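S.K.: this is a predicted model, with the sequence first.
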Amino acid sequence: MSREEVRIGVYVCHCGTNIAGVVNVEEVVEYIKKIPGVVVARHYVYMCSEAGQNLIKQDIKEHKLNRVVVASCSPNLHENTFRRAVAEAGLNPYYFQMANIREHCSWVTEDPKEATEKAKMIVRAAVERVKYHEPLEKKKVEVKDKILVVGGGIAGISAALVCANAGKTVYLVEKSPSIGGMMSRLDKTFPTLDCAACILTPKMNEVASHPNIKLITYAEVESVEGFVGNFKVRIRKKPRYVIEDLCVGCEKCVEACVFKEPKFYDEWSFGLKKRKPVYIPFPYAVPRKAIIDPESCLYLKYGRCKQTCVEACDRNAIDFNQKEEIIEVEVGAIILATGYKFIDVSKLPQYGYGKYPNVYIAPEVEVMLNASGPTRGEIILRDGRKPKSVAIIHCVGSRDENNKKYCSRLCCMAAIKLAHLIKERTEAEVYNFYIDIRAAGKGYEEFYKRVASEGVRFIRGKVAEITDVALTPEEEGKLIVRVEDTLAGVIRRIPVDMVVLMPALEPATGVEEVSKMFGVSVTEDFWFLERHPKLAPIATFADGIFLAGCCQGPKDIPDTVMQAEGAAGDALALVSRGYIELEPNIVSIDPEKCSGCRVCVGMCPFGALKYNEEKGVTEVIEALCKGCGTCAAACPSGAIQQNLFKDKQVYAEIAGILAVGGE
Amino acid sequence: MGKVKFESEVDRSFTEEILSEPGGEAILKCIQCGTCSSTCPLSHFMDYTPRQIIYMVREGFKKEVLSSRTLWICASCFSCVVQCPSGIKIADVMHIIKRKAMAEGVYPKDEFLPKLYKSFYESVKASGRINETNVVRKASLGKALGMLGLGLKLRGKGRLSLAEESVKDVSQVRKLIEEAEKA
Amino acid sequence: MAEFKPNIVAIVCNWCTYIAADTAGTARIKYTPYVKIVRVMCSGRVDPQMVLWAFRNGADGVLICGCHPGDCHYKEGNYKAYRRYMLLKRLVKQLGIEEERLRLEWIAASEAPRVKEVFDEFVEQIKKLGPLKLREEVIENP
Amino acid sequence: MKYAYYPGCTLRASYPHVDMSLKSVFRVLGVELVEIDDWNCCGSTAVENISEAVSLALSARNICLAAKISDTMLTPCTECLLQQRRVLYIMEQYPKVREKVLKVLEKVGLEWKPVKVVHPLEIVVNDIGLDKVKEKVKRDLSGIKVVPYYGCLITRPYGSEHPLYPTSMDELFSALKAEVIDYPLKTKCCGATLTATGDERGLSLVYQLLKDAKRRGGNVIVVPCTVCQFNLEVFQDKISTMYGENVSIPVLYFTQLLGLALGLSESELGIDKLLVPFSISAR
């Protein structure tokens, strides 16, 4: 390395008052100025602004700077901004180091004096480090132009269609036998009361018939390897025991099944209706193909059955020998759209779900209201009656530190919609018990007031208990909702025939495995973590993997579709470019220092290190190196060095950050 | 809050009645924001704020609403009406409720205005016009005596007349009132 | 006597703790100013010499933070960090450094409040131990 | 300009000064007032709070009678004004109620014919116009700090100005060269009937109004409402005693002060009938 004179420019950002309101930026600049090698040190109100960037560019030219440090926010926000600025001034962008004095200092430190001291050390560390920086080039890697979408609810469907319409091949993997997800259960959608099936089924069918979409239902992703642009994905498709290409969905097998009455738990209707071992998930399922459940089919379970279904199928579509299938695909980008489920409200015994037959959860009522549902859209209680009074309980498990701290976001409007539909179909007195009505969407407040004007009751108070213990004659035989009416300031007891619980949303089953498999972080509630809550709400910290819909957090259909189409846009932007540039933080081995001990080889989980027998040294296969640096830490002779994290760089940073009071 | 409110004590037909009267139709749109109570210059004297009154009407708390002191404190300034974000005519709703409270005679006995209204009404019915001083005197002699000092001062300035005026066509006005009462 | 302000370095993984610390900032969670962060791509990059270097350069305590077991961005770097940590603990003791001055913690990207918890608690622990006094020969020959 | 004049029950008995000043001012401004023949009481809130139908019928009768004189009816008392505007509104908005009222009118031989109902202030500002008024000014009001207090009913709920921040009186007295104080309480309620019966809850409102008018340096409060004029003026002694604070300030119906600018005498305007005296020469 040439021993040219190091000339550093240091820029301390005020970030308005975000930094300067706590950290004394002038004091930091004065301190930094004295460090050998620092030629210019300045503070400026917004370094990320064009003016701030120009300041750097000018100084590079005027003061012949060959190193730049910006002390501002997290590198996750603006590292690229400043690297670009440095590059535009003709300097290698890796002669730059960022010091995080906002997220890691001014925002987290109470005492301005302490914050200033800490900031000095953080900036000093960056200055000491940048002295050892070296010019680097980003590595260009080819990108596969296919896209994987995981999850076939409205999010996955919307994302897949946009990608496919852009001419890219899309693999859409859905866990259950049909796409459609939660939305397929709905009868109407708020606030417009659009018929859900009328707007969803065309999209489902478009997915099935789209030449660019390979729909893989009843399947799950088993493993993911590779990295952005080049993911290798193994998909395990479970056997349907029905040959999809032959089945026309005529349901003759269902009629012919030896079980004359359906008696098994039906997933689509949340168990409100029963199904046979051979069934079609729901009338407008896509693909509309029969499926045989190995858990309830006599032949598959016990090997003994008359196989009347096989006889009934004139297309010979039933195949009891069908085996699980592994499908391997290579894609450049992945969209996760794994959705949500409702919390198990039977764990909240105060609401009586599972104990009182007339306590329902919202999705059951959605299915009941669905014209294709078990009651053909009518509200009929488990005892066969039509309810004359219905209580809808909001925030069951939401906004509750004992359960889910967060607001589940769509329940208010869903509850109002259910109230409207129930009232319309039963003429029952319908009560909403709520904490707040959250109607922050286009047309939502208007819908709320409309439904309120229709005479649906809104009583403000979180219900703590549903009971059947009657205190008055008219409470006999009813479910009684006991609530503090917080607006009237009294305790009320309201007897009803039916209770509908609005359960909190939580991530779909298996989210932990999915997060590990795809290397996507999760929040403490296991929603997938977006890269930035505001400016990168779709991307994840795993490059090339994007989020759509409720897997990232509860949201309603409009927001889900918006995010899904956004995710499609992000994925398309990535795969359409044809290549990506990777951070050059890979390792290299100095053959002069390598003793050929091969300690490193076992360290690398990616097989990027190979011992060269001939030369007696270990070598790096650059294409496989992911840049973790574990081998570098293990190398006893210091022969392995990681770009951007070379020993001397990290050691200089550590020494710099610890130099309390030092000059 | 001393007791539990049972649904058997709630009268939702009361809500329906209010909804059916001119000015009462929008109460279901109430979002309980409290603008009415906030803008009301007299809400701090009330037993239930205007927001609570609307809520209790909506919930059918007939007894509490009709016997509320709030009705007789409301000065019908219409601040609530022009500011309500849901277009509810709170002051008009108060008038509807007051009529019901007057009809049922459930107003607080120490409030003077219900008595004044009755006396006023009788006077209009009798002659088609009223004399304020006489109306007050007939409603409560005590009240009139309490304001005697002020009355004398005003009389000195020619601003207090005790002369009972009447319309010329008393029979027409009486018939009008009788027909309206029947309507 | 002047108040002891511990000088602590936290060498943290880019994918979990660094993000958690960013989120703690965004959430304005206030915590001790005495822990300063040095970023590496993976806790697996933490070389035992790096830790000794920190002590030699005046650290009263060293924190290593990585992803929870099973969550490593590079599959298993954190397991390697853990093994090295167990070894290091013995090593620092032999060098006359209290082993409590070295700590390994798993802090996921989502666990912003834990940044405060861990940092504050570690500072308290180091405060109890007082400033690090290295034997001369250690300083001379790390 | 000819208007069907509706004085209302209280105007002659309790507000002769309003009646006098109104007539004097409109004479000077060339407005012809023809009193409605055999008008009846509007019923006020009293009747409204007992019977909606009677209340509507009473004002409907007055409007029918007014229609025989003019298509515009002038009502200086804002409570009467409210009742008349309310019946007009309800007759238009509620067909069922309209039918009811029409039947009652028919029974007594009256034919419903809606007229426009206006307040004197609206005539001065809208129908006559400030330019015309200025032409007639004999002495300007410079040096007088006027607190314009509108009260509730002139703008609420039926009115053409902003319901919380009207400005017509501000503009009128500015045109007359008075110093008009920007009075934040200009549409805060005086307590109406509650106050008029001496109720202390109502008087607390008047106290705030008077106190702030004085604090802002007002010499005189002008009002377009008879009840406000009464409530703000006649309880000043009582309020001063109640709150241990002198809140004395003259309160004029707006035509009284306007009349002075038009060169009318204090006696023509009933200024001698005020309990709290006001004199333009003492400015």
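M.R.: Ah, there it is.
S.K.: every contact and neighbour count from this point should use C-alpha atoms.
M.R.: Noted.
S.K.: got a pLDDT number for the spatially most central residue of chain D?
M.R.: In chain D, the C-alpha nearest the mean C-alpha coordinate belongs to residue D:225, at 2.8 Å (Cα atoms, centre = their mean). On the pLDDT scale, residue D:225 is placed at 95.
S.K.: shouldn't it be in contact with residue D:75?
M.R.: No. Here residue D:225 lies out of contact with residue D:75, judged by Cα atoms under 8 Å, at a distance of 10.4 Å.
S.K.: OK, contacts around residue 109?
M.R.: No chain specified, so I'll use chain A. With contacts defined as Cα atoms under 8 Å, 6 or more residues apart in numbering or on different chains, residue A:109 is in contact with A:115, C:30, C:31, C:32, C:33.
S.K.: chain C is the one I meant
M.R.: Contacts of residue C:109 (Cα under 8 Å, 6+ apart): A:521, A:522, A:523, C:15, C:16, C:17, C:18, C:19, C:20.
S.K.: a markdown table for these, including pLDDT?
M.R.: Output for the contacts of residue C:109, formatted as a markdown table (pLDDT from 0 to 100):
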| residue | pLDDT |
| --- | --- |
| A:521 | 86 |
| A:522 | 89 |
| A:523 | 88 |
| C:15 | 92 |
| C:16 | 92 |
| C:17 | 96 |
| C:18 | 96 |
| C:19 | 94 |
| C:20 | 94 |
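S.K.: and which of these is nearest residue A:511?
M.R.: Comparing the contacts of residue C:109 against residue A:511 with Cα to Cα places residue A:522 closest, at 8.9 Å.
S.K.: chain neighbours aside, what residue packs nearest to the most centrally placed residue in chain C?
M.R.: Against the mean C-alpha coordinate of chain C, by Cα atoms, centre = their mean, the closest residue is residue C:63 at 0.8 Å. Once flanking residues are discounted, residue C:63 sits nearest to residue C:10: 4.4 Å by Cα to Cα, 6 or more residues apart in numbering or on different chains.
S.K.: so what's the residue count around residue 86?
M.R.: No chain in the question, so chain A it is. 24 (other Cα atoms under 10 Å in any protein chain shown).
S.K.: try again with chain C
M.R.: Residue C:86 sits with 12 neighbouring residues when counted by other Cα under 10 Å.
S.K.: how about the helix or strand that contains it and chain A, any contact?
M.R.: Assessed by DSSP states H and E, residue C:86 sits inside helix C:77-94. Yes. Interface with chain A: helix C:77-94 contributes C:77, C:80 (Cα under 8 Å from any Cα of the partner chain).
S.K.: can you give the contact residues for that helix?
M.R.: A:628, A:630, C:42-48, C:52, C:66-69, C:72, C:98-99, C:102, C:104.
S.K.: quick check: nearest residue in space to the residue of chain B found nearest chain C, chain neighbours excluded?
M.R.: Of the residues in chain B, the one nearest chain C is residue B:33, at a distance of 29.7 Å by Cα to the nearest Cα. Spatial nearest neighbour of residue B:33, chain neighbours left out: residue B:51 (7.7 Å); criterion: Cα to Cα, 6+ apart.
S.K.: okay, now that neighbour: neighbour count?
M.R.: 23.
S.K.: dump the residue contacts of it.
M.R.: So residue B:51 contacts B:32, B:33, B:34, B:35, B:36, B:37 (Cα under 8 Å, 6+ apart).
S.K.: now do the same for it: its pLDDT.
M.R.: 95.
S.K.: so where does it fall, helix or strand?
M.R.: helix B:50-59.
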